[in-house]
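**Q** need a 3D model of the sequence below.
(one chain, ligands or ions: 2)
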Amino acid sequence: MSEALAPLRATLDRQVIGHNDSKDALLLALVCREHVYMEGPPGAAKTRLAEVAAHASSLPFFFYQLHRDTRLPELVGDVVLERLEIEGGERIHHRIEPGGLLTAEICVLDDISRAPGEALNILLRILNERKFGDSPIPLLTAIATGNPMDDDYYNEPLDPANLDRFALQLRVQGLITSGDHDGARQLIDRYADGEVVEHPATEPVCDRQTLDALHARLADIAVPDPVKGALLELFRILVVEYDCSETNALLTDRSFLVKAIKLLRGRALLAGRDRVEPADLAVIEWMTTFRVPADVHEKVPEVISRAIAGVS
Ligand SMILES: Nc1ncnc2c1ncn2[C@@H]1O[C@H](COP(=O)(O)OP(=O)(O)OP(=O)(O)O)[C@@H](O)[C@H]1O
Ligand SMILES: [Mg+2]
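**A** Numbers count the residues shown, from 1 in each chain. Ligands and ions are numbered 1, 2, ... in the order given. Below is the predicted model:
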């Protein structure tokens, strides 16, 4: 674990029991300046994880709970009316005073699956392009949460192309259903002991300088040829053996040939290394969650092992 981020990880551990993958992915997102989407059933601590990571990183922060009537202005600032003097009179003109998503460096977009398609499309385009109109926005990382797309949860399925805006994608399960008995026991104990406060304050433990320094080091992390070979072999297996194609999968070059490299380096950096190792390919599993069919995604750890073995 990179020393620089140890306090952030410790804060997450103090506030949320279990969910190691989500915690690792959140740190990776912060270091790599990528967006992360966490999907899971109600009460699985998704919002809590997102909020703790955001608050603990002490960056200018925007939290927004999406809902069925979400409209864009709520996300990008206040609409202000201005009286302009013009020849022969005056004119009322409205403009957006940038706020929300336009001024934050980290944001939590809670329950994105509830937002209407139109607002969501624009929102996700802003995330992807990191600009609004022609102006760049300071956003580093967006952390979004959502409920599974089953009909039971009363929301429209999210378009996979929209989810592609989130480099990292995780399925979060509750402690009970994932069989994390130790974690479940710890949570019971905490509540039983009265240790839990409902909305605990999260102290900022990691500043912008620390994140900038880590990010600057990413480019110096070596990516050896065997790792590149294993990555290509992994894609070959997914396409040739598991029939991933343009119709059932989103194995985009942008995500898997560009962002994946950044994430591999990020994982090495978080592990305190200056070189990517084959084991870092595990990050691919956080990318394929909603980009390949669910049954193929389940096989990804196995595919990674085979890809590594195939080139070594
Ligand atoms: N692993 C956990 N560690 C600590 N607290 C937890 C954990 N799981 C659940 N809780 C408690 O349950 C609450 C519910 O979590 P949270 O609101 O983050 O769930 P959610 O996944 O966002 O649910 P929803 O989909 O309904 O929004 C937390 O605020 C916390 O009090
Ligand atoms: Mg929530």
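**Q** so which residues of the protein form helices?
**A** Secondary structure of the chain (DSSP state H): helices located at 6-15, 20-32, 46-56, 72-76, 117-129, 160-163, 181-192, 208-218, 225-236, 253, 260-270, 285-288, 294-311.
**Q** turn those helices into CSV, columns for distance to L175 and mean neighbour count.
**A** To be clear about C-beta, it is placed using only N, CA and C from the backbone, and glycine gets the same treatment. Converted to CSV, the helices of the chain look like this (distance: least, CB to CB, whole Å; neighbours: other CB atoms under 10 Å):
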stretch, distance to L175, mean neighbour count
helix 6-15, 14, 17
helix 20-32, 12, 23
helix 46-56, 12, 23
helix 72-76, 32, 18
helix 117-129, 30, 17
helix 160-163, 25, 16
helix 181-192, 4, 13
helix 208-218, 29, 15
helix 225-236, 31, 17
helix 253, 37, 8
helix 260-270, 24, 23
helix 285-288, 20, 22
helix 294-311, 21, 16
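**Q** which stretches of the stretch 51-200 of the chain have low pLDDT?
**A** Counting by pLDDT under 70, the stretch 51-200 of the chain has low-confidence residues at 150-157, 196-199.
**Q** P278 reaches V227, doesn't it?
**A** Yes - using CB atoms under 8 Å, P278 is in contact with V227, at 5.8 Å.
**Q** list the contacts for the residue nearest to the spatial centre of the chain?
**A** Per CA atoms, centre = their mean, the C-alpha nearest to the average position across the chain is that of V36, at 0.8 Å. Residues near V36 by CB atoms under 8 Å, 6 or more residues apart in numbering: 25-26, 29, 141-144, 166-170.
**Q** equivalent analysis for L27, please.
**A** Contact partners of L27, counting by CB under 8 Å, 6+ apart, are 5, 8-9, 53, 270.
**Q** let's see that with 7 Å instead.
**A** 5, 8-9, 270 (CB atoms under 7 Å, 6 or more residues apart in numbering).
**Q** mind putting the helices of the chain into TSV with distance to L101?
**A** TSV is the format used below for the helices of the chain (distance: least, CB to CB, whole Å):
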stretch	distance to L101
helix 6-15	23
helix 20-32	16
helix 46-56	13
helix 72-76	5
helix 117-129	6
helix 160-163	16
helix 181-192	33
helix 208-218	18
helix 225-236	33
helix 253	27
helix 260-270	22
helix 285-288	24
helix 294-311	29
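**Q** so which of these gets nearest P200?
**A** helix 6-15 (6.2 Å; CB to CB).
**Q** pLDDT (mean, whole number) over that closest one?
**A** Helix 6-15 carries an average pLDDT of 93.
**Q** any idea of the angle it forms with helix 208-218?
**A** 110 degrees (axes from the mean of the first three to the mean of the last three CA atoms, to 10 degrees).
**Q** just how off-centre is helix 6-15 within its chain?
**A** 18 Å (CA atoms, centre = their mean, to the nearest Å).
**Q** what is that helix packed up against?
**A** Counting contacts by 3 or more CB pairs under 7 Å, 6 or more residues apart in numbering; DSSP states H and E, helix 6-15 packs against helix 20-32, helix 46-56.
**Q** weakest of these by average pLDDT?
**A** Looking at these, the bottom one is helix 46-56 with a mean of 93.
**Q** just the CA coordinates of that helix, formatted as CSV?
**A** In CSV, the C-alpha atoms belonging to helix 46-56 read as follows (Å, rounded to 0.1, in the frame of the first residue of the first chain):
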residue,chain,number,x,y,z
LYS,A,46,-22.4,2.4,-1.8
THR,A,47,-23.2,5.9,-0.9
ARG,A,48,-21.3,5.7,2.3
LEU,A,49,-18.2,4.4,0.5
ALA,A,50,-18.4,7.2,-2.1
GLU,A,51,-19.0,9.9,0.5
VAL,A,52,-16.1,8.8,2.8
ALA,A,53,-13.7,8.6,-0.1
ALA,A,54,-14.7,12.0,-1.4
HIS,A,55,-14.7,13.8,2.0
ALA,A,56,-11.4,12.2,3.1
